[in-house]
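Asker: How does the following fold in three dimensions:
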Amino acid sequence: MGRKRAGGVGETIRTVVYAVLIALVVRTFLFEPFNIPSGSMIPTLLVGDYLFVSKYSYGYSRHSFPFSFPPYSGRVLSGEPERGDVAVFKLPTDNSTDYIKRIVGLPGDSIQVQDGILQINGEAVKRERVAAKAGDAGGSGGIIYVETLPSGISHRIRESGDAEFGDNTPVFEVPAGAYFVMGDNRDNSQDSRFIGPVPAENLVGRAEFLFFSTDGSAALWEVWKWPLAVRWSRLFERVE
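Answerer: Here you go, the predicted structure:
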């Protein structure tokens, strides 16, 4: 009886160890979950969204691994990010804080914002107004536009106005091996206008799809409120 019980405990421990190892491999090399704590990507991403990021899209750097260990430089099996990708990266100023923004500038590009309109290599990016208020998109006021990048990729952005802080910038030259990122909530985003270009090494992965979303109206213990707090229409929505 004692041997059988010991064998059962050993089997349970092995199962747990295998499960942890599999989860670690998936998280490191395939997909990692992230949640959205701020409104810098409204209307594309809302506070309370949970999404999966593909780690393999851009290859692997030390930031692909837990605690950014081991400390090596560069990327292996690297893939080139595309303009318009929504990417998770480590903040260049501390190499540890996770940020999520949209890549708008590629290496060699000249980026500027004039009167709220993004300029890429001296050309104004097409911007079309589609809604007067952003209240239905996770914000309280503002204007929703559809912005179309030179690659033809379109996405929604939110503007409070065209004379806000960050709506008129100098020209930024994106260096080799770096990317210029901006939040879709243009007037409420700490992005490359303020933190500078993001080194390719700092990229963690590309945002792929939402697997959960809550509006925050239900506390963890308020089980009866969970069904109303979940944003059901956003579940399994692709991040574009």
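Asker: you'd agree residue 205 is up against residue 85?
Answerer: No - counting by C-beta atoms under 8 Å, residue 205 stays clear of residue 85, with 9.8 Å between them. Every C-beta, even on glycine, is put in place using the N, C-alpha and C of the backbone.
Asker: between the two, what contacts are shared?
Answerer: By the contact definition C-beta atoms under 8 Å, 6 or more residues apart in numbering, residue 205 and residue 85 are jointly contacted by residue 57.
Asker: okay, which residue is most central for the chain?
Answerer: residue 100 (3.0 Å; C-alpha atoms, centre = their mean).
Asker: tally of neighbours for residue 232?
Answerer: A count of neighbours around residue 232, defined by other C-beta atoms under 10 Å, yields 8.
Asker: picking up where we left off before, what's the closest non-adjacent residue to the residue nearest to the centre of the chain?
Answerer: residue 88 (4.9 Å; C-beta to C-beta, 6 or more residues apart in numbering).
Asker: so how far is the helix or strand hosting the one you found off the chain centroid?
Answerer: Secondary structure here is read from DSSP states H and E; on that basis residue 88 sits in strand 86-90. Offset of strand 86-90 from its chain centre (C-alpha atoms, centre = their mean, to the nearest Å): 5 Å.
Asker: Name the residues of that strand that are buried.
Answerer: Going by neighbour count (16 or more other C-beta atoms under 10 Å), the buried part of strand 86-90 is 86-90.
Asker: Over to stretch 54-63?
Answerer: For stretch 54-63, the neighbour count (16+ other C-beta under 10 Å) marks 54-55, 57-63 as buried.
Asker: would you turn those into TSV with secondary structure and pLDDT?
Answerer: Converted to TSV, the buried residues of stretch 54-63 look like this (DSSP: H, G, I helix; E, B strand; the rest coil; pLDDT from 0 to 100):
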residue	secondary structure	pLDDT
54	strand	91
55	coil	88
57	coil	86
58	coil	89
59	coil	82
60	strand	80
61	coil	76
62	helix	70
63	helix	72
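Asker: list the buried ones in stretch 176-186?
Answerer: Across stretch 176-186, burial judged by 16+ other C-beta under 10 Å covers 178-186.
Asker: List just the nearest of those to residue 44.
Answerer: Sorting the buried residues of stretch 176-186 by how near they are to residue 44, with C-beta to C-beta, puts residue 184 at the top with 4.7 Å.
Asker: Quick one: residues contacting the closest one.
Answerer: Residue 184 makes contact with 40-45, 102, 155-158, according to C-beta under 8 Å, 6+ apart.
Asker: show me the residues around the residue nearest to residue 100 that make contact.
Answerer: Counting by C-beta under 8 Å, 6+ apart, residue 88 touches 32, 34, 53, 98-100, 203-207.
Asker: quick one: which of those residues is nearest residue 191?
Answerer: Closest approach to residue 191 among the contacts of residue 88 (C-beta to C-beta): residue 99, at 8.1 Å.
Asker: which residues touch the closest one?
Answerer: Residue 99 makes contact with 88-91, 181, 190, according to C-beta under 8 Å, 6+ apart.
Asker: Residue 123 now?
Answerer: Listed by C-beta under 8 Å, 6+ apart, the contact partners of residue 123 are residue 150.
Asker: What's the separation between it and residue 150?
Answerer: Look at residue 123 and residue 150: by C-beta to C-beta, to the nearest Å, they are 7 Å apart.
Asker: now do residue 159
Answerer: 20 Å.
Asker: cool, residue 54 as well?
Answerer: Between residue 54 and residue 150 the distance, using C-beta to C-beta, works out to 24 Å.
Asker: Helices of this structure, residue ranges please.
Answerer: Taking DSSP state H as the criterion, the chain contains helices spanning 2-29, 192-195, 226-229.
Asker: residue ranges with poor pLDDT in the protein?
Answerer: Of all residues in the chain, those with pLDDT under 70 make up the ranges 1-8, 18, 20-30, 67-74, 76-78, 132-141.
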